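J.: sharing a sequence plus its predicted fold:
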Amino acid sequence: MINIVESFVTNNKCYQVAAPLYPQGIMLHSVGCPQPHALVFVRNYNQYQPGGQSVCVHAFIQADGSVYQTLPWWMRAWHCGGAANNTYIGVEMTEPSSGMSYAEAAEQIAGTYHAAVELFAQLCNTYGLDPLADGVIIGHAEGHRRGVASNHADPELLWNTYGMGYTMDGFRQDVYEAMNKNNGNDEEEEDVMRYNTIDDIPSWARGTISDMIDEGLISGTGGGNLDLSADMIRMLYVMKHMFDACNKHYETIEDIPSWARDTVQHLIDTGAIAGTGNGKLDISYDMLRMLVVCQRMFDSNHSTDNKEN
């Protein structure tokens with residue numbers, strides 16, 4: 001049984017850009033270094049540019065079934081160095097330490113493999129993905145062969161190094177079987193589990209559901225009962241955050257993400273933008289991106305003109 005631990009890396013540039021993602025697939029990675037503890041990576045990634053690079057993934061998996069989620073699933077990550085960043089959730093498996101025996105290392109790899117199967121099954125259920133369909137679940141190496149990811153050999157390199165016998169085809173089949181198991185034998189049990197009050201809602205979704213109640217988006221079935229299933233909670237969470245990401249408006253300079261704040265301040269200082277009155281900027285996320293791009297184009301042209309003169 002996996003345990004998803006919300007550990008968002010709020011200082012990472014990727015988190016602050018907060019570009020929306022509409023998942024069409026999931027990519028499996030392994031970290032590529034002998035480190036079995038996910039929190040090491042969480043701490044390292046919780047800086048603006050880890051190691052001076054623009055990188056971030058959605059989650060790190062430990063052998064004990066702990067899944068440290070570093071980005072919301074609905075947020076675009078920078079995990080594969082290619083076009084798959086636009087459409088794929090990216091998940092990393094931790095790897096055995098150099099001091100482990102072969103048996104310990106094999107146990108570590110098996111633990112992360114089975115935890116990844118369970119996580120991918122959950123995500124496929126949440127987003128309506130077919131794990132056996134072409135290109136839905138891929139490894140980083142497969143992404144490279146498809147021309148949508150950088151040149152890496154994971155996760156098969158790790159599995160092959162220790163003779164585990166795991167393959168991406170086998171992984172996809174295991175995810176499919178896990179989904180069928182959850183949708184079959186466990187279906188009646190899951191139907192029985194209903195969340196009727198805000199206190200019943202899992203902590204990772206409680207704030208989102210509370211906001212939706214306050215906004216009148218959900219009201220339950222009467223008598224104070226929300227009557228939400230686990231699947232309903234997951235879908236409401238995803239839809240709310242995707243909607244908020246696409247419709248976010250920034251009212252003050254303090255609201256502007258750090259990557260765009262200097263540009264917007266410059267445009268305010270020069271009188272290029274003034275907002276809508278009463279000190280409100282009312283800048284949408286899409287407008288913000290366009291302002292930054294336009295300013296960069298202006299700066300580039302201005303710099304070229306100066307060089308020519």
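T.: Yep, that arrived. Numbering: from 1, shown residues only.

J.: now the strands: where do they sit in this structure?
T.: In chain order, the chain shows strands spanning 3-6, 25-30, 59-61, 66-69, 88-93, 137-139, 249-250, 283-284, with DSSP state E as the criterion.

J.: please report the distance of the nearest residue to residue 105 once chain neighbours are set aside from residue 87.
T.: Distances taken as CB to CB, 6 or more residues apart in numbering place residue 96 nearest to residue 105, at 3.6 Å, with adjacent residues excluded. Using the backbone N, CA and C atoms, a C-beta is placed for each residue, glycine as well. From residue 96 across to residue 87, the span is 31 Å (CB to CB, to the nearest Å).

J.: these two: which has the busier surroundings?
T.: Higher neighbour count among residue 96 and residue 87: residue 96, with 22 against 15, using other CB atoms under 10 Å.

J.: so how far is residue 237 from that one?
T.: 34 Å.

J.: rewinding a little: indicate which one of the strands of the chain is closest to residue 193.
T.: The minimum distance between residue 193 and the strands of the chain falls on strand 3-6, with 16.7 Å, by CB to CB.

J.: what's residue 175 in contact with, if anything?
T.: Contact analysis of residue 175 by CB atoms under 8 Å, 6 or more residues apart in numbering lists 117, 120, 121, 124, 131, 137.

J.: for residue 173, find the nearest of the strands of the chain.
T.: Across the strands of the chain, the minimum distance to residue 173, taken as CB to CB, is reached by strand 137-139, at 10.1 Å.

J.: which strands and helices sit next to the closest one?
T.: Contacts defined by 3 or more CB pairs under 8 Å, 6 or more residues apart in numbering; DSSP states H and E place strand 137-139 against strand 25-30, helix 168-183.

J.: parallel or antiparallel, list what pairs with that strand.
T.: strand 25-30 (parallel) (DSSP bridges).

J.: just give me how far the strand it pairs with sits from the chain centre.
T.: Strand 25-30 sits 11 Å away from the centroid of its parent chain (CA atoms, centre = their mean, to the nearest Å).

J.: give the buried residues for stretch 28-39.
T.: Applying a neighbour-count criterion of 16 or more other CB atoms under 10 Å, the buried positions in stretch 28-39 are 28, 29, 30, 31, 35, 36, 38.

J.: correction: the previous question concerned stretch 259-270.
T.: Using 16+ other CB under 10 Å as the test for burial, stretch 259-270 gives 260, 263, 264, 267.

J.: pick out the lowest-pLDDT one from the residues you listed.
T.: Ranked by pLDDT, these bottom out at residue 260 (86).

J.: okay, now residue 168: neighbour count?
T.: The tally of other residues near residue 168 (other CB under 10 Å) stands at 16.

J.: that one and residue 236, how far apart?
T.: The span separating residue 168 from residue 236 equals 32 Å under the rule CB to CB.
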